[in-house]
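S.K.: Predicted structure and sequence below. I'll ask about it afterward.
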Amino acid sequence: MLTQRSQEKELLDLGPDFYTPQEFADCHIKLFRVNKLFGFFSDTKQLLKKFSSNITVLDVGCGAGLFLLHLSKHFPKMTLTGTDICLSSITLAQQELQQWQNKHFSKNVLFKLQAFPQTRFSPSSVDVIITTMVCHHLDDEALIKFMQQLVVGAKNAVIINDLHRHRIAEFFYSMLSPLLFNNRLITHDGLISIRRGFTRSEWHVLLKKANIQNYTLKWRFPFRWSLVLWK
Ligand SMILES: C[S@@+](CC[C@H](N)C(=O)[O-])C[C@H]1O[C@@H](n2cnc3c(N)ncnc32)[C@H](O)[C@@H]1O
């Protein structure tokens, strides 16, 4: 069990017949809580402090955009763009941005629909690319191409946040998620996300196949990976 990455699709990837608009919006908003609780947000914040204060940052697969909006509070001089292949996510992110701008003065954030799953970036067109909880949505072949394209697009680094596939993570998540998040998609898809996650040796194999040598891969509690591809 859990010896290989699961091929099961998440409800979010199956489309709107599999969830209500309320469940979808609630799930995407609560994903920021997941990101904070798992430490993805604070890790990314620490990593971004290594770069100059006025860089350009692209969040690929930004969902409802809260990750980027909260980063904008800490990095007001950075130019932050979020993209996603899902129109409903981008619509949600644009609504969040409007509400955010009523409360905070931030003119440095923008959300855009990404036309194709396999985006082609102009070389070094953005300083840093972030992608959080996106890689596990892709099968190995698509992920190798995805990482190669991110490396082309980034001038300095690509920050990848994703999950460690592990039975302990699966067990505790199945117990705690209904209590913590109270959203069917977060619990159901979260468990599939863990099963679609990665072991350390799988990352090394995928990165080798992508011909990416300059990277740091760190395991972080609770059962997640912080992977940085350096240029
Ligand atoms: C689990 S959500 C994570 C959203 C956000 N990054 C967060 O952590 O809250 C995964 C997102 O990745 C998007 N996605 C999946 N494949 C993608 C791809 N190839 N390019 C861009 N976005 C993608 C989905 O539409 C979805 O919004």
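M.R.: That came in fine, so what should we check first? Numbering: from 1, shown residues only.
S.K.: which residues does the residue most central in space within the chain form a beta bridge with?
M.R.: By CA atoms, centre = their mean, the mean C-alpha position of the chain lies nearest to T132, the distance being 1.5 Å. On the basis of DSSP bridges, T132 is bridged to N161.
S.K.: Compute the distance between it and T83, please.
M.R.: As for T132, its distance to T83 is 13 Å (criterion: CB to CB, to the nearest Å). Heads up, the C-betas are built off the backbone N, CA and C, glycines and all.
S.K.: Common neighbours of the two, please.
M.R.: Taking CB atoms under 8 Å, 6 or more residues apart in numbering as the criterion, T132 and T83 both touch 59, 61.
S.K.: and I129, backbone torsions?
M.R.: With angles defined as degrees, to the nearest 10, I129 sits at phi -110, psi 140.
S.K.: surely it meets N156?
M.R.: No - here I129 does not reach N156: they are 9.2 Å apart, not a contact under CB atoms under 8 Å.
S.K.: The two: which is more packed in?
M.R.: Of the pair I129 and N156, I129 is the one with more neighbours under other CB atoms under 10 Å, namely 27 against 17.
S.K.: which ones are touching H188?
M.R.: 10-11.
S.K.: so where does it fall, helix or strand?
M.R.: Using DSSP states H and E, H188 maps to helix 184-195.
S.K.: Just the buried positions in that helix, please.
M.R.: Of the residues in helix 184-195, 185-195 count as buried by neighbour count, 16 or more other CB atoms under 10 Å.
S.K.: That one and the ligand, any residue contact?
M.R.: No - Helix 184-195 stays clear of the ligand (CB under 6 Å from any ligand atom), getting no nearer than 6.8 Å.
S.K.: What average pLDDT does that helix get?
M.R.: The average pLDDT for helix 184-195 rounds to 98.
S.K.: What parts of the protein come near the ligand?
M.R.: Counting by CB under 6 Å from any ligand atom, the chain sits next to the ligand at 31-32, 35, 60-63, 67, 84-86, 89, 114, 117, 132-134, 137.
S.K.: at 8 Å instead, please
M.R.: Within the chain, the residues that sit near the ligand (CB under 8 Å from any ligand atom) are 10, 12-13, 28, 31-32, 34-35, 40, 59-64, 66-67, 83-86, 89, 114, 117-119, 131-134, 137-138, 142, 146, 161, 189, 193.
S.K.: And stretch 33-46, end to end?
M.R.: One end of stretch 33-46 to the other measures 18 Å (CA to CA, to the nearest Å).
S.K.: Start the count at 10 instead of 1 going forward.
M.R.: Okay, residue one is now 10; in that scheme the one you just asked about reads as stretch 42-55.
S.K.: From the chain's centroid, how far away is that stretch?
M.R.: Centre-to-centre, stretch 42-55 and its host chain are 11 Å apart (CA atoms, centre = their mean, to the nearest Å).
S.K.: what sits up against that stretch?
M.R.: If you take CB under 8 Å, 6+ apart as the criterion, stretch 42-55 is touched by 41, 76, 79-80, 83, 139, 141-142, 168, 170, 189-190, 195, 199, 229-231, 233, 235.
S.K.: Got a quick ChimeraX command for the buried subset of these?
M.R.: Command for ChimeraX that selects the buried part of the contacts of stretch 42-55, burial taken from 16+ other CB under 10 Å:
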select :41,76,79,80,139,141,142,168,170,190,195,199,233,235
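S.K.: Okay, and which of the contacts of stretch 42-55 map to strands?
M.R.: Of the positions in the contacts of stretch 42-55, 139, 141, 168, 170, 229, 233, 235 sit in strands, assigned by DSSP state E.
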